[in-house]
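Undergrad: Need coordinates for the below:
(2 chains)
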Number of protein chains: 2
Amino acid sequence: MTEQHVAYLLGLGDDALIYAQRLGEWLTHAPQIEEDMALGNVGLDLLGQARSLLTRAGEVEGATPLRDEDDLAMLRDEREFRNVQLVEQPRADFGHEMARMLWFATYQCELYSALLGSADETLAAIAAKAVKEVEYHRDHATQWVLRLGDGTGESHERMQQGLASVHPYVAELGEDHDAARWATDQGVGVLPSTLTEAVNGYVTQVLQQATLEMPDPPRWHARGGRDGVHSEVMGYLLAEMQHIHRSHPGATW
Amino acid sequence: MTEQHVAYLLGLGDDALIYAQRLGEWLTHAPQIEEDMALGNVGLDLLGQARSLLTRAGEVEGATPLRDEDDLAMLRDEREFRNVQLVEQPRADFGHEMARMLWFATYQCELYSALLGSADETLAAIAAKAVKEVEYHRDHATQWVLRLGDGTGESHERMQQGLASVHPYVAELGEDHDAARWATDQGVGVLPSTLTEAVNGYVTQVLQQATLEMPDPPRWHARGGRDGVHSEVMGYLLAEMQHIHRSHPGATW
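TA: As a prediction, this is how the structure comes out:
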């Protein structure tokens, strides 16, 4: 069941790759230069995780010739990407970005902690490095959510609005799928639904402290990203990301 | 002559800030994920240098209330920016970017080395940290210029083309201006023209080894950036960079 193993690794790697792309859009566009640098660093951490995870996916796949990180990042089509839809959503305001980061980094903290004991030893080693990075991302988002939620009337309002905007994309983080079921059976991965309680618990406690409210359950929520179902924006994101590489196949341009 | 001291520091800081903006545009758009990360790291180094230099400029200016790094980055108009025109030129292909980085990082290496003994002790400390960073940037660009220049027919051709595109913007790096003359008299700064021989020497030797030719002297060359004269693209760059900050004056958005 190599196929499921590869699909599982691609899910983790694509989340990191696509979110790095969205965070890169903040470089020199954040409200403060200090924050530009912080978001840039988070983006680079995620890009590093994506690199390792896609390289591992290529190894497990074992195609001839081997597909490397760049083949997997640059030469797949939209339906072959397995990231959750949360990370592909366009950059909006800073409150929206901190709401997204709070949810996503908290999810990644639980995920990589659980993967420390993976039977795929390469994945366990990737998780050991990544867990320290994503704890920093979670703390960074937490500090901002507290500062903005418990700040001025306007900052509170916009932070609440940011939470509402990302809410329809949160449930997908905890949705189980075939590759995760297989990976869990083999001791390689972890079932997303088993992370949900800890993730919700952490975010709930931050929002309380920030005097913010958890949004009501949304009427519609995103699903299917792990099986290649994406929102309309994903095509544009890939077009931009893959353009240079595809214009010069195999070249170092 | 506080005014000249501020102008000198702004020239250095604006070079780093505006080039960081252009490099940020490469995040997830380079030909390889590894190179995305490298360019992102160079951009973050430059952003850090810009932060320190603009903070120092604000201190020396001593306005009431003090203008901080964000005021200086986000609330000045085009004519108040003092960067050379080389760094504001739009992102083009990868050969162009490596040609720009080779020239600019080599210039910065000579500049910061000379500033280690500045009578402005804060500037000397900034230079001590920065010189290690820009040596890495210069080495990174050098490796790529060698690899592409001495690579395939196409990579050689495009690298040569990149060098030609940046050439009209190179001479400005060595052009003296009033703020630099004042800073040199005071032992605070260094006269740009005194760096030119070392910069040209380094680049010439790299191009020879890469089997590339130094372009002929251009008929037109850029000038006046240090006095606020910029190319048409600068207005668009600032509009994009300053938009979020200016939409929410004084806010942490």
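
Undergrad: For A:Gly95, list the residues it contacts.
TA: Residues in contact with A:Gly95 (C-beta atoms under 8 Å, 6 or more residues apart in numbering or on different chains) are A:148, A:155, A:158-159, A:161-162, B:253. Bear in mind the C-beta positions are built from the backbone N, C-alpha and C, glycine included.

Undergrad: Out of those residues, which two sit at the greatest distance?
TA: Farthest apart among the contacts of A:Gly95 by C-beta to C-beta are A:Gln161 and B:Trp253. That separation is 11.7 Å.

Undergrad: so A:His96 sits right up against A:Gln160, yeah?
TA: No. A:His96 is beyond contact range of A:Gln160, at 11.0 Å (criterion: C-beta atoms under 8 Å).

Undergrad: pLDDT weak spots in the stretch 101-250 of chain A?
TA: Low-confidence segments of the stretch 101-250 of chain A, defined by pLDDT under 70: A:248-250.

Undergrad: Pull up the residues of it that are close to chain B.
TA: Residues of the stretch 101-250 of chain A lying near chain B by C-beta under 8 Å from any C-beta of the partner chain: A:147-148, A:151-152, A:154-155, A:158, A:240-241, A:243-245, A:248.

Undergrad: Tabulate those residues (a markdown table), appending neighbour count.
TA: A markdown table is the format used below for these (neighbours: other C-beta atoms under 10 Å in any protein chain shown):
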| residue | neighbour count |
| --- | --- |
| A:Arg147 | 14 |
| A:Leu148 | 26 |
| A:Gly151 | 17 |
| A:Thr152 | 11 |
| A:Glu154 | 13 |
| A:Ser155 | 20 |
| A:Arg158 | 23 |
| A:Glu240 | 13 |
| A:Met241 | 20 |
| A:His243 | 11 |
| A:Ile244 | 18 |
| A:His245 | 21 |
| A:His248 | 15 |
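
Undergrad: Tell me which two of these sit farthest apart.
TA: Distance extremes for those: the farthest pair is A:Thr152 and A:His248 at 48.8 Å, using C-beta to C-beta.

Undergrad: Nearest to B:Arg56 among the contacts of A:Gly95?
TA: Nearest to B:Arg56 among those: B:Trp253, at 26.1 Å, using C-beta to C-beta.

Undergrad: which residues touch A:Ala171?
TA: Per C-beta under 8 Å, 6+ apart, neighbours of A:Ala171: A:218, A:221-223.

Undergrad: and what of A:Leu46?
TA: Contact analysis of A:Leu46 by C-beta under 8 Å, 6+ apart lists A:16-17, A:19-20, A:23.

Undergrad: Among these, show me the least confident.
TA: pLDDT across the contacts of A:Leu46 is lowest for A:Leu23, at 91.

Undergrad: And what about the nearest residue to that one once chain neighbours are set aside, helix, strand or coil?
TA: Nearest residue to A:Leu23 in three dimensions, chain neighbours excluded: A:Gly43, at 3.6 Å (C-beta to C-beta, 6 or more residues apart in numbering or on different chains). At A:Gly43 the chain is in helix, as set by DSSP: H, G, I helix; E, B strand; the rest coil.

Undergrad: Do a quick rundown of the strands in the stretch 101-250 of chain A.
TA: Assigned by DSSP state E, counting those that start in this stretch, the stretch 101-250 of chain A shows no strands.

Undergrad: quick one: the helices in it?
TA: In order along the chain, the stretch 101-250 of chain A carries the following helices (DSSP state H, counting those that start in this stretch): A:121-149, A:153-166, A:178-185, A:196-209, A:233-247.
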